[in-house]
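Student: I would like to see how this sequence folds:
(one chain, ligands or ions: 1)
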Amino acid sequence: MNHLKPNDFGPVIEADRAHVWHHMMQHKPLESADPRIIVEGRGLHVWDAAGRRYLDALSGGVWTVNVGYGRTSIADAVRDQLVTMNYFAQSAGSIPAALFAEALVEKMPGLSRVYFNNSGSEANEKVFKMVRQIAQRHHGGRKWKILYRERDYHGTTIGALASSGQAERAAMYGPYPDGFVMVPHCLEYRRQWEVENYGERAADAIEEVILREGPDTIGLLCLEPLTAGGGVIVPPEGYWQRVQEICRKYDILLHIDEVVCGLGRIGTWFGYQSFGIQPDFVTMAKGVASGYAAISCTVTTDAVFDLFKDDTDPMAHFRDISTFGGCTAGPAAALENMRIIEDEKLLDNCLTMGERLMERLEGLKSKHEVVGDVRGRGLFAGIELVADRTTKEPANEKLVQKVVSEANARGVIIGMTNRSIPGLNNTLCLAPALIAKSDDIDTIADAIDEALAATF
Ligand code: PLP
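Tutor: Sure, this is the predicted structure:
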């Protein structure tokens, strides 16, 4: 535990209560309860200011700390880099940026160029801007529309929210820019078509939207490899292959948002690799440096990069900058983060522990009528809770929240789909660090088992 005693945090708690505007939080309850302040982390565990220890089954709340807490080798790499050269705008290069870009694209055959930014939202905005510029310069202004999928999420800025398939996230922040068009989600548990090959049918629904809008108006299809915060949705068999065919048929660039799945979350370096597709753009953020520094990347192909090369036109290059895309702490941390994943064989561990996690969660179905669906891949899992298994009526949101609190009370941090899909904030989410061992998986599953029993 931390060298400070719990009582030492009184002034911190007061300062927080008086001045910090927490993310995604109602603040009224904090007037009568202490805000949670996390003061230390080691491996999979964190300690709060009251001295309580938790197994964090969310990797930092939002699936970020893939290699776990307390990695001194990442801190050392960042420190060494900062005292040598902390910052220069990315119009010039830096040693860690060059070395990380090279190491990264080695894991991504077919992709070759890395644009550095700071957040997932920003990485996605860059793709949208690139596509708009390509439309202007190469398609006579056509192919400017961007398709996104119901229940997917791509970030918090206005452009990224324009591509939000999560209605509650986007509500009240409009009006949004034109040219963003939604395609249906592909969650088979909540079927929209009565067919045998659900995956192909769900992909065909994308083609229907393309034909309705006009193929020559559409430049990009932006999808999460596995929908994360929108309910942990693994696309069904046949989906991805068909999606790829559709993109090729209509000359639409395919953008996979790996902000959550990138760097090992579902047992491959990138989620798209677990589905056998070849994207034109990949964005990533959370796991890139496991939260030890802020960094995100927009990665693309030579073919896309070459569209921005034309010395005869002063407007040809990508006229964009991210000031802190020039921070060297990010790529220095990312290089070491990648080494850890490789040397500790965390992708293999993720797959093995992921199987155990799914087995344990499937086991909850026979014990708890409220468990409607269990889904996931690698160390990313969702449990959809329903009031009635036949009608699939979603469980009451307050009760889902209670399950989260009951698990917390048992020392395990879990999450739920939160203020995303109207009426469907009923899926518990789990994403422990890729270092999880069998005992950790059992602790998580046992806590959920008890939390469900205490709630329903
Ligand atoms: N894309 C996905 C799939 C996400 O889950 C998130 C955040 O949760 C983002 C993009 C936005 O990332 P950031 O919060 O770093 O802007």
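
Student: Can you tell me the closest non-neighbouring residue to the residue nearest the centre of the chain?
Tutor: In the chain, the residue lying closest to the centroid (Cα atoms, centre = their mean) is residue 260, at 2.3 Å. Excluding its sequence neighbours, the residue lying closest to residue 260 (Cβ to Cβ, 6 or more residues apart in numbering) is residue 228, at 4.1 Å. The way it works is simple: take the backbone N, C-alpha and C, and place the C-beta from them, glycine included.

Student: Kindly report the same for residue 238.
Tutor: Closest to residue 238 by Cβ to Cβ, 6+ apart is residue 199, at 3.3 Å.

Student: Can you say which helix or strand has the residue nearest to the centre of the chain in it?
Tutor: Per DSSP states H and E, residue 260 falls between elements, in no helix or strand.

Student: was I right about it contacting residue 283?
Tutor: No. Between residue 260 and residue 283 there is no contact under Cβ atoms under 8 Å: 10.6 Å.

Student: So residue 282 is in contact with residue 111, correct?
Tutor: Yes. If you go by Cβ under 8 Å, residue 282 and residue 111 touch, sitting 6.3 Å apart.

Student: overlap in contacts of those two?
Tutor: 299-300 (Cβ atoms under 8 Å, 6 or more residues apart in numbering).

Student: which residues touch the closest residue to residue 164 other than its chain neighbours?
Tutor: Leaving aside its sequence neighbours, residue 164 sits nearest to residue 170 (Cβ to Cβ, 6+ apart; 4.3 Å). For residue 170, the contact set (Cβ under 8 Å, 6+ apart) comprises 161-162, 164, 176.

Student: hmm, which of these are the buried ones?
Tutor: 161-162, 164 (16 or more other Cβ atoms under 10 Å).

Student: For residue 275, what are phi and psi?
Tutor: With angles defined as degrees, to the nearest 10, residue 275 sits at phi -110, psi 0.

Student: got a pLDDT number for residue 6?
Tutor: Looking at residue 6, its pLDDT stands at 60.

Student: Could you pull up the contacting residues of the closest residue to the ligand within the stretch 101-250 of the chain?
Tutor: The stretch 101-250 of the chain approaches the ligand most closely through residue 120 (2.4 Å), counting by Cβ to the nearest ligand atom. Contacts of residue 120 were listed using Cβ under 8 Å, 6+ apart, and they are 154-155, 257, 259, 283-286, 296.

Student: so which of those also contact the ligand?
Tutor: 154-155, 257, 259, 285 (Cβ under 6 Å from any ligand atom).

Student: And the average pLDDT for stretch 28-38 is what?
Tutor: 89.

Student: Return the distance of it from the chain's centre.
Tutor: Put simply, stretch 28-38 sits 26 Å off its chain's centre (Cα atoms, centre = their mean, to the nearest Å).

Student: can you check stretch 208-226 too?
Tutor: The answer for stretch 208-226 is 21 Å, by Cα atoms, centre = their mean.

Student: repeat for stretch 338-354
Tutor: 18 Å.

Student: how long is that stretch end to end?
Tutor: End-to-end distance of stretch 338-354 (Cα to Cα, to the nearest Å): 20 Å.

Student: Show the contacting residues for the nearest residue to residue 38 once chain neighbours are set aside.
Tutor: Excluding the flanking residues, the one nearest residue 38 by Cβ to Cβ, 6+ apart is residue 46, at 5.0 Å. Applying Cβ under 8 Å, 6+ apart to residue 46 gives the contacts 38, 40, 53-54, 56, 69, 413.
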